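Q: build the 3D model from these lines:
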Amino acid sequence: MRVLVVEDDDGVADAVLEALAAHGHTAIRAARAAEVWGNAHDADVVLLDLGLPDADGLDVLRRLRRITSTPVLVLTARGTERDVVRGLRLGADDYVVKPVRLRELLARMEAVARRARAGRADDGAAADVVEIEDLQIDLGARRATVGGREINLTVKEFEILAALARRPGAAVSRQQLLDEVWGDAYLAVSRSLDVHLAALRAKLGRPGLLTTIRGFGFRLGG
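A: Residues are numbered from 1 along each chain as shown. Sure, this is the predicted structure:
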């Protein structure tokens with residue numbers, strides 16, 4: 001598995017990274033919240049410490065839940081019942097209090113990854129293909145066709161289309177789209193989104209299919 005280890009303590013991070021490598025996993029470390037957003041989409045599991053130097057870990061968890069369904073296992077020294085309940089309610093798949101035995105941590109991590117895989121399998125393969133009028137988006141293959149003709153999209157154009165296609169007919173805010181496609185709306189250039197959307201609309205060639213909701217965001221279909 002690809003594991004994103006979000007941990008500012010060098011000693012803890014080194015021990016976890018070593019254990020993960022010994023068990024055949026690929027691990028990437030983020031020592032700060034700012035390093036999370038560029039790596040979160042590529043991870044199979046996120047191990048998240050709450051005591052980060054540049055942000056509260058619960059805020060990081062909240063934002064992760066907005067931009068990805070990747071399972072998150074919180075690994076932290078905060079062990080009060082209130083902390084545990086808040087973490088789970090914000091979307092953590094498991095909550096482990098330090099110190100923890102590495103074998104137990106690995107077992108819990110593998111368990112949340114198994115549950116996530118099972119959940120995706122239960123959704124069925126059909127959920128990977130979205131059809132809106134004569135537009136078909138294959139999310140798994142990263143392909144889109146209009147009227148049976150494949151359209152050539154850039155990486156960002158497809159990611160924008162996919163983010164909207166996962167919620168067909170629903171309004172998606174500009175902030176949410178920036179978070180999901182760029183990883184962090186604060187690092188994205190809002191004007192860049194408008195440029196990509198204009199190019200996407202032109203390639204779709206279906207006026208009215210991708211609409212702007214003034215003052216809020218966008219809708220695909222519906």
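Q: list the buried ones in the helix or strand containing Arg108?
A: Arg108 is part of helix 102-123 when elements are defined by DSSP states H and E. By 16 or more other CB atoms under 10 Å, the buried positions in helix 102-123 come out as Leu105, Leu106, Arg108, Met109, Val112, Ala113, Ala116. Using the backbone N, CA and C atoms, a C-beta is placed for each residue, glycine as well.
Q: got the CA positions of whichever helix or strand comes after it in CSV?
A: Going down the chain from helix 102-123, the next helix or strand is strand 129-132, by DSSP H and E. Provided in CSV are the C-alpha atoms of strand 129-132 (Å, rounded to 0.1, in the frame of the first residue of the first chain):
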residue,chain,number,x,y,z
VAL,A,129,-19.1,5.3,-15.3
VAL,A,130,-21.3,8.4,-15.2
GLU,A,131,-23.7,9.2,-18.0
ILE,A,132,-25.3,12.6,-18.4
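Q: show the average pLDDT along stretch 45-57.
A: For stretch 45-57, mean pLDDT rounds to 95.
Q: point out where this protein drops to low pLDDT.
A: 118-127, 183-190 (pLDDT under 70).
Q: which residue is nearest the middle of it?
A: With distances taken as CA atoms, centre = their mean, Thr68 lies nearest the centre of the chain, 2.0 Å away.
Q: ok, residues contacting the helix holding Arg108?
A: Applying CB atoms under 8 Å, 6 or more residues apart in numbering, the set of residues contacting helix 102-123 from outside is 1, 3, 15-16, 19-20, 23, 44-45, 47, 69-71, 73, 75, 93-94, 96.
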